[in-house]
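J.: Have a look; sequence and predicted model below, questions after that.
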Amino acid sequence: RFFTLYPTERWDSSYYSPVGMTNSTLIDPDTVPNSGDEYYDDPVHVWLYNPNASAITVNYQTQTSSGTIPVPVGSTVFYEMPLNQGAQFFTTDNSIFNAISTIDSNQTVGASNSAHDWGFTLVPESSLATAVVVGWGPGRDPTSGTNPTENGNPVWLTANGSTTLYVDYNGDGGPLTAPDGRTYDVARSVSALQSIAEYDPDGDQTGMTVFTTDGTLIAAAWGQDPVTASPGAPGLDLGTTVLPLGSFIGDTVWYDLDGDGVQDAGEVGIPNVTIELRDSGGALVAITTPDETENFACIISNETGCKS
């Protein structure tokens, strides 16, 4: 397993996990029902690490349950995810912690954890956005000649509220138009913290773009589904976090001599101008100064910022 690790200064007090358990098959070693030795074949765990000088309490919320998880100083505690549900993990006193997830990570002695094993890092809530883009997401091992149509590594999605997820399979638009004018291929109505696995019909999730139009935040990962992927070839025991995609505002500051909104020949850029980014209420959100190339960029997400 490999993980996208964040710098400690980006650790948060709230995280969302988009991957729930999908394989509900129970293994019963002694074949005696309800004897206490049963375990799920491909469980999903979220691991919570406490870096603080005192114990913390992490709250969890799924679609069907909630509770608390005590985490001692410098310790890691795991939570087993429910079937087909995402989850939020948070502290009520804003104590920071770190969180990763592992798939096919059975804690039962003697259980096999090598058939569909992968993992990812949960994205801090402060970094979530209303859109995600999958940079690389094959559905199978492209070098294998076995099961050529298998697609076993979907994009996993959850949202922090009930919403519609608009899916553009290849990031190139589609035949349907969302309320904000963007085009897409298919729409999915989801409840808060529902976990869905999205598959591109062409068998490759690379380039998939998912967005909302109502401000609802999305958490996403790409990785193997034990229900649809082969335990051997062409299954890919791989997965990773899908990073949020904030909206983009940026360009060049220049003298628009003819007032047409287009930088024409002879209309030079203006460096060292202070640019303020404000919300709809007029509150200052970020500030930047274009560099010597007169360029600037602002990323609009749950954690907005600008740079030159």
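T.: Cool, the structure landed.
J.: C-alpha only now, for contacts and for neighbours.
T.: Noted.
J.: Show me the shaky parts of the protein.
T.: Scanning the chain for pLDDT under 70 picks out the ranges 28, 37-40, 107-113, 246-251, 290-308.
J.: ok, which stretches of the stretch 201-308 of the chain are strands?
T.: Here the stretch 201-308 of the chain has its strands, by DSSP state E, counting those that start in this stretch, at 209-211, 218-223, 239-242, 247-252, 275-278, 284-288, 295-300, 305-307.
J.: From the centroid of this protein, which residue is nearest?
T.: The centroid of the chain falls nearest to residue 220 when counting by Cα atoms, centre = their mean (2.5 Å).
J.: I figured that residue was touching residue 245, is that so?
T.: No - here residue 220 does not reach residue 245: they are 10.9 Å apart, not a contact under Cα atoms under 8 Å.
J.: any residues in contact with both of these two?
T.: Here residue 220 and residue 245 have residue 132 as joint contacts, going by Cα atoms under 8 Å, 6 or more residues apart in numbering.
J.: Can you give me the distance of the nearest residue to residue 219 once chain neighbours are set aside to residue 2?
T.: Nearest residue to residue 219, sequence neighbours excluded (Cα to Cα, 6 or more residues apart in numbering): residue 158, at 5.5 Å. Distance, residue 158 to residue 2, by Cα to Cα, to the nearest Å: 21 Å.
J.: So for these two, which residue has more residues nearby?
T.: A count of neighbours by other Cα atoms under 10 Å puts residue 158 above the other of residue 158 and residue 2, at 30 against 12.
J.: how close does that one sit to residue 123?
T.: 12 Å.
J.: got the contact list for the helix or strand hosting residue 60?
T.: Under the criterion of DSSP states H and E, residue 60 resides in strand 56-61. Residues outside strand 56-61 that contact it (Cα under 8 Å, 6+ apart) are 50, 66-73, 87-92, 95.
J.: Ok, stretch 92-108 next?
T.: Outside of stretch 92-108, the residues within contact range by Cα under 8 Å, 6+ apart are 3, 11-15, 17, 39-52, 56, 58-59, 112-122.
J.: 6 Å - rerun?
T.: By Cα atoms under 6 Å, 6 or more residues apart in numbering, the list of residues contacting stretch 92-108 from outside reads 11-13, 42-50, 113, 116-122.
J.: Could I get the buried residue list for that stretch?
T.: Buried residues in stretch 92-108, defined by neighbour count with 16 or more other Cα atoms under 10 Å: 95-106.
J.: Take these and keep only those in strands.
T.: With DSSP state E as the criterion, strands contain 98-103 from among those.
J.: now those residues in JSON lines, with distance to residue 78?
T.: Converted to JSON lines, these look like this (distance: Cα to Cα, whole Å):
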{"residue": "98", "distance to residue 78": "12"}
{"residue": "99", "distance to residue 78": "9"}
{"residue": "100", "distance to residue 78": "9"}
{"residue": "101", "distance to residue 78": "9"}
{"residue": "102", "distance to residue 78": "10"}
{"residue": "103", "distance to residue 78": "12"}
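J.: Pick out whichever of the residues you listed sits closest to residue 26.
T.: residue 103 (15.6 Å; Cα to Cα).
J.: what's the closest non-adjacent residue to the closest one?
T.: Once flanking residues are discounted, residue 103 sits nearest to residue 44: 4.5 Å by Cα to Cα, 6+ apart.
J.: Tell me who's in contact with that neighbour.
T.: Residue 44 makes contact with 21, 80-81, 102-103, according to Cα under 6 Å, 6+ apart.
J.: hey, what's residue 157 bridged with?
T.: Counting by DSSP bridges, residue 157 forms beta bridges with residue 196, residue 220.
J.: Can you give me the separation between it and residue 120?
T.: Counting by Cα to Cα, the separation of residue 157 from residue 120 is 13 Å.
J.: do residue 209 as well
T.: In this view, residue 209 and residue 120 are 19 Å apart by Cα to Cα.
J.: More neighbours: those two, which one.
T.: residue 120 (27 against 22).
J.: helix/strand/coil for the more buried one?
T.: Assigned by DSSP: H, G, I helix; E, B strand; the rest coil, the conformation of residue 120 is strand.
J.: Report the beta-bridge partners for it.
T.: Under DSSP bridges, the beta-bridge partners of residue 120 are residue 101.
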